[in-house]
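Asks: no letters, just coordinates:
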């Protein structure tokens, strides 16, 4: 007995020292915080040593490849994700049907190459690196050829007036603002050219638009992206032009205002196609009706492999389920991974998900979106209806000390992501994952958004960051008073 | 008069609004803090729009190329940096002669290729990706061939004992620890294998060592780095082996402990060569005898182009002088850019700089080193003698609010850099620039440390971060009481 008691006391001492060691990593932690810190350390350890996240991204990028809504690649991605969620240990996995736009770039439809050429008298013709913007109409067979007018803002069109623009191709050449540290702000400040440039220019009788790629670098890659026309107006062809080609064309225009550009695009719109959101979840043990959603979007543009946008977000969201399984944990609330279809050119998946969720009177306590690339994690933006977002931000800030050892330091109000924004009316607390933004627009919507552009550790750290936030929300709730719930 | 007075009042109002707008960017700033914040914003704006930093790195990497101490490339780098510092607007530029080690990899000396091959009976021979470690002796003509013993720690040698090791090649195969978020900690935990592995193994009569590359990725690139022998012991050839090849060799050893490896290295050591530290400075307007040093090291390894290590640090340090010129500012203290020679395999430049500085009784208020790659800035480590480092850290933390808008969030005690460490006895406050560390060891000392591995914005943000800290130190001092100075 004496011997056993000595062993017992030794064990107590050992456990006491372990707890002390764990707690010492952050200052003056409560016992619960100390236990949480130990759990977060396990989450990061698993992500950096045993997670399949990086290999999953390899499969999605190199096995499936590009997956624009309505394409065969998108359908393959749906089947891949459905199986992968089962393999990772989801309690249930299902597909949510949704009709999506089906736009196809010319090269795929007719085997011809998209092209633009610069024509100046007395000089050899010069190729310009372009690609159709998503949703653009094609040109007539043989293309169009016209003079070019360069503008920097949509409002420049009115200043020039119809007589100077009619029959021309408009070059929108406002660059992303390099002094904005958050490159997404620079994107927001420019993207009106891409989204509305063709619709605006069509009002002045133009025949086409070229839009400077949303790219902070000077290079030869055109960056596609969605655009739309206005009902009842002519639809004119719209293409992105690489930053180098935009600069070259601008320079040529200063020397020779009468130059011409020819443009041929053979893209076209097909009838809507059937596709799916892919959903997998671990059922909550104590509060299964309270859903914590984590997601990204499964569709991508057709150039490149959709590695950062948003293969990274998809495999990170899937990694949350794998982490729970590998850690041997069961969440109290339901943790649901949603891979949305059609974020890029319609958001039909997100709309359908929110509509069905409303029909079923589901309660989303929180939703977290990863759609800013697979770079080193920095923190989260927080959104939600009045009151919810402030409470959620205060909660997140309470937890930041536990996340600091992993380089997570940013927590502020801000847009959380377009797919989960549809859950705002459910009083969900919305969190947008914020990785480092400096390199994102080097790859965004371009042919170089490939698997090899993603760093394994950066991707894994992001996955662990998502899992950590979900773990903390599940353990502590968001503490928002909502109808029918005493405490979330 | 009435009219003039109205204009005057309008101007006062305008200035008042400008000050309000500037101050509103951070909460509850003092007027001096508000003015500092405006100045830091200008520093970042200039770095992101007008700085030559990225083009300077291109010149250093692609024009000069690799620049190992004693090589023609190092000499070319010295001349390039001397001219560049003049071009950037230094008040004075000078070279500081220093004798440096002169080690040459075999390929350069004799035109032969470094090589290693795995031999197993009944299987085809297999190439192993290796490179000589810096400072290694070559093998005899025709190379060596021996059995292999794999170990994970230096102390494993004693456990195995001489009889199991003698006549063999030792494979040191301890990987970098992936769960350490700061990859430099993982490096520190492994680098004893590279630095001392050959010296330790030689005590047991081994004929050579292969050291797993200090790389967190699995790939085919061997990563070189410095190593040294012990006086009076045999010098045995030492090579780095790629992580993939190390794993393959380890696996083959488990299947076949009697396999053999042949290794041929034709590197050799030449007599010391004459080289130089390159120094340029802007003289202080009010306290010219107080020096704020900013530096990196001009030498690099011979593989790759020394882009992250430490071309980035060099052009960032040079960028500080350019920023003062472009902003039209003159520092109160002397801002000195020092490009140290021979950090990689001797630190002779840093030793000579500190020795001469001591002879001249110079006073370094602070020294800042950038030698952790050209990645997104995170903050600074702080070092110095007792009392100095704590004061410097407190000072830095006072300023962190002004740096937060640029994503700078890290400030803690820690090693600041090997070149500036020699200034610690001068009571200098030492700051180590801390960029994001996740990708650094993908490139460190390997053939892929090339210009295209550096992102322009990340590099420029780092340069602006260095300039900002120097601006704040110059404006406010470090407030360390030191002999002969009332206040630094």
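Replies: All right, it came through fine. Quick caveat: nothing in here was measured; it's all calculated off a predicted structure.

Asks: mind listing what whichever residue of the stretch 301-450 of chain A sits closest to chain B touches?
Replies: Nearest residue of the stretch 301-450 of chain A to chain B (C-beta to the nearest C-beta) works out as residue A:409 at 4.1 Å. Every residue, glycine included, has its C-beta placed from N, CA and C. By C-beta atoms under 8 Å, 6 or more residues apart in numbering or on different chains, the residues touching residue A:409 are A:378-379, A:400, A:403, B:409-410.

Asks: now do it against residue A:396, distance only.
Replies: Here the distance between residue A:409 and residue A:396 works out to 12 Å (C-beta to C-beta, to the nearest Å).

Asks: related to what we said a few turns ago, which among the contacts of residue A:409 gets closest to residue B:458?
Replies: residue A:378 (13.5 Å; C-beta to C-beta).

Asks: how near is the closest one to residue A:219?
Replies: Residue A:378 is 25 Å from residue A:219, by C-beta to C-beta.

Asks: now residue A:421
Replies: Relative to residue A:219, and taking C-beta to C-beta, residue A:421 is found at 32 Å.

Asks: run through the strands of the stretch 251-400 of chain A in chain order.
Replies: Under the criterion DSSP state E, counting those that start in this stretch, strands of the stretch 251-400 of chain A are mapped to A:260-264, A:268-282, A:287-297, A:333-340, A:363-369, A:377-383.

Asks: for residue A:149, give the beta-bridge partners.
Replies: Note on residue A:149: beta-bridge partners by DSSP bridges are residue A:170.

Asks: in contact with it, which residues?
Replies: A:160, A:164-165, A:168-171, A:206.

Asks: now do residue A:49
Replies: B:178-179.

Asks: got phi/psi on residue A:373?
Replies: phi 100, psi 160 (degrees, to the nearest 10).

Asks: against residue A:39, how distant is it?
Replies: Distance, residue A:373 to residue A:39, by C-beta to C-beta: 27 Å.

Asks: more neighbours: the two, which one.
Replies: Taking other C-beta atoms under 10 Å in any protein chain shown, residue A:373 and residue A:39 do not tie; residue A:373 has more neighbours (31 against 18).

Asks: and residue A:48, what does it touch?
Replies: Residue A:48 is in contact with A:457, A:460-461, A:464, B:178-179, counting by C-beta under 8 Å, 6+ apart.

Asks: helix, strand or coil for it?
Replies: Classification of residue A:48 using DSSP: H, G, I helix; E, B strand; the rest coil returns helix.

Asks: need the three-state assignment for the nearest residue to it once chain neighbours are set aside.
Replies: Nearest residue to residue A:48, sequence neighbours excluded (C-beta to C-beta, 6 or more residues apart in numbering or on different chains): residue B:178, at 4.6 Å. With three-state DSSP as the basis, residue B:178 sits in coil.

Asks: count of residues packed around residue B:178?
Replies: 17.

Asks: starting at the chain centroid, how far to stretch A:44-57?
Replies: 20 Å (C-alpha atoms, centre = their mean, to the nearest Å).

Asks: end-to-end on that stretch?
Replies: Start and end residues of stretch A:44-57 are separated by 18 Å (C-alpha to C-alpha, to the nearest Å).

Asks: one more: stretch A:201-220?
Replies: End-to-end distance of stretch A:201-220 (C-alpha to C-alpha): 25 Å.

Asks: wait, does it contact chain B?
Replies: Yes. Counting by C-beta under 8 Å from any C-beta of the partner chain, chain B has neighbours in stretch A:201-220: A:216-217.

Asks: tell me the average confidence for that stretch?
Replies: Average pLDDT, stretch A:201-220: 97.

Asks: list the buried residues of that stretch.
Replies: Across stretch A:201-220, burial judged by 16 or more other C-beta atoms under 10 Å in any protein chain shown covers A:201-202, A:204, A:206-217, A:219.

Asks: of those residues, closest to residue B:31?
Replies: Nearest to residue B:31 among the buried residues of stretch A:201-220, with distances taken as C-beta to C-beta, is residue A:216, at 34.1 Å.

Asks: give me phi/psi at the residue positioned nearest the centre of chain A?
Replies: Nearest to the mean C-alpha position of chain A, by C-alpha atoms, centre = their mean, lies residue A:371 at 2.3 Å. Main-chain dihedrals, residue A:371, degrees, to the nearest 10: phi -150, psi 40.

Asks: list the contacts for it?
Replies: So residue A:371 contacts A:296-297, A:309-310, A:313, A:343, A:417-419, A:432-433 (C-beta under 8 Å, 6+ apart).

Asks: before we move on, back to that, let's have the strands of the stretch 251-400 of chain A in CSV, adding distance to chain B, mean pLDDT and mean neighbour count.
Replies: Listed next are those as CSV, based on distance: least, C-beta to the nearest C-beta, whole Å; pLDDT from 0 to 100; neighbours: other C-beta atoms under 10 Å in any protein chain shown:
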stretch, distance to chain B, mean pLDDT, mean neighbour count
strand A:260-264, 29, 97, 22
strand A:268-282, 24, 97, 19
strand A:287-297, 20, 98, 25
strand A:333-340, 23, 98, 27
strand A:363-369, 21, 97, 26
strand A:377-383, 7, 98, 25
